[in-house]
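[1] structure of the sequence below:
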Amino acid sequence: MIDTVSELSDTPPTAVAGATAVVQRALTLAALASPLAPGAIELPSPVGIRTGFGSGVEVADSGWSEVLEVPLSAPSRRRRRAAQPNEESFSALLGGRIAIPISSLITLRARRDLDSGRIREAAIQLEAAINTARTELVGSIPPESLESLVAHAVAVAAAAEAARAGDLDPEGEEVVATALARLETAQRQALRA
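    Next up is the predicted model:
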C-alpha cells in the first residue's frame, strides 16, 4: 500500500496523475533495491488505478472512505517472475535515508533498453552511466571493482561511438552486455555498503 492521499484533488485527472507519480517513484526505487539486476523487476501490468483514503481496517479489507477508480487498458498476458527488492535498501531509498545515485537511474534505463533489444540506445546510456558511476562510487565499492569499471569504460566508449555512427557490431553488443552487468554488480555493492 502506497500513501497517495496527499495527491488527491478535486479533479480526477490531477488525482490520477499525482497518484501515478507516487507509485512510479516507488517502483523505480524498488528496481534500484533489487538483489538482481535493477532492470529485472517486472511487475504485472496494472488494470486500473485506485486512489483514496480510509481507516487501516477498511483499506486492509479493500474498503475505502473515499476512492477514485480509473480503469486502464487490459494487462498483457506476458508473465515473468518478479524479483523482490532488498527490503532494507528499498526502505532506505523510499524514506530518503540514502540518496538515489544518478548513475543507477541511468543504468536502469540502459538495462531496459538492452532487455528490449535497443542495443544502440543501451550503449549510449551505459557510457553515461559508467562515467557517472566512476565518480559516484568512489569510496563505496572496493578499489578493484572501481578499477574494473574504469577498464570497461574505454570499451563502452568505443561501443557507444559505434552506436552513434550506426555501426555497432556483435562484439560491441557483447561489450555492452558484459559492462552493464559489471556496473549493476558494483552499484548493488555500493547500496549494501
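
[2] contacts and neighbour counts: CA atoms only from here.
    Will do.

[3] flag the shaky bits of the chain, pLDDT-wise.
    Across the chain, the ranges flagged by pLDDT under 70 are 1-17, 19, 31-51, 70-86, 89-90, 92-93, 193.

[4] in the helix or strand hosting residue 124, what's buried?
    Secondary-structure assignment from DSSP states H and E places residue 124 in helix 119-136. For helix 119-136, the neighbour count (16 or more other C-alpha atoms under 10 Å) marks 119-134, 136 as buried.

[5] how about the CA coordinates for it, as CSV?
    Presented in CSV, the C-alpha positions along helix 119-136 are these (Å, rounded to 0.1, in the frame of the first residue of the first chain):
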residue,chain,number,x,y,z
ILE,A,119,21.3,-2.1,-28.2
ARG,A,120,22.4,1.2,-29.7
GLU,A,121,20.4,3.2,-27.1
ALA,A,122,21.8,0.9,-24.3
ALA,A,123,25.4,1.5,-25.4
ILE,A,124,24.9,5.3,-25.3
GLN,A,125,23.1,5.2,-21.9
LEU,A,126,25.8,2.8,-20.5
GLU,A,127,28.6,5.2,-21.5
ALA,A,128,26.9,8.0,-19.4
ALA,A,129,26.2,5.6,-16.6
ILE,A,130,29.8,4.3,-16.3
ASN,A,131,31.2,7.8,-16.5
THR,A,132,28.9,9.0,-13.7
ALA,A,133,29.4,5.9,-11.6
ARG,A,134,33.2,6.2,-11.7
THR,A,135,32.8,9.4,-9.7
GLU,A,136,29.8,8.5,-7.6
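
[6] neighbours of the closest residue to residue 133 other than its chain neighbours, just the number please.
    Using C-alpha to C-alpha, 6 or more residues apart in numbering and skipping the chain neighbours, the partner closest in space to residue 133 is residue 103 (5.2 Å). Using other C-alpha atoms under 10 Å, residue 103 is surrounded by 24 other residues.

[7] and residue 103, that one's in a strand?
    No: the assignment for residue 103, made by DSSP: H, G, I helix; E, B strand; the rest coil, is helix rather than a strand.

[8] who's in contact with it?
    Residues in contact with residue 103, defined by C-alpha atoms under 8 Å, 6 or more residues apart in numbering, are 128, 129, 130, 132, 133, 136.
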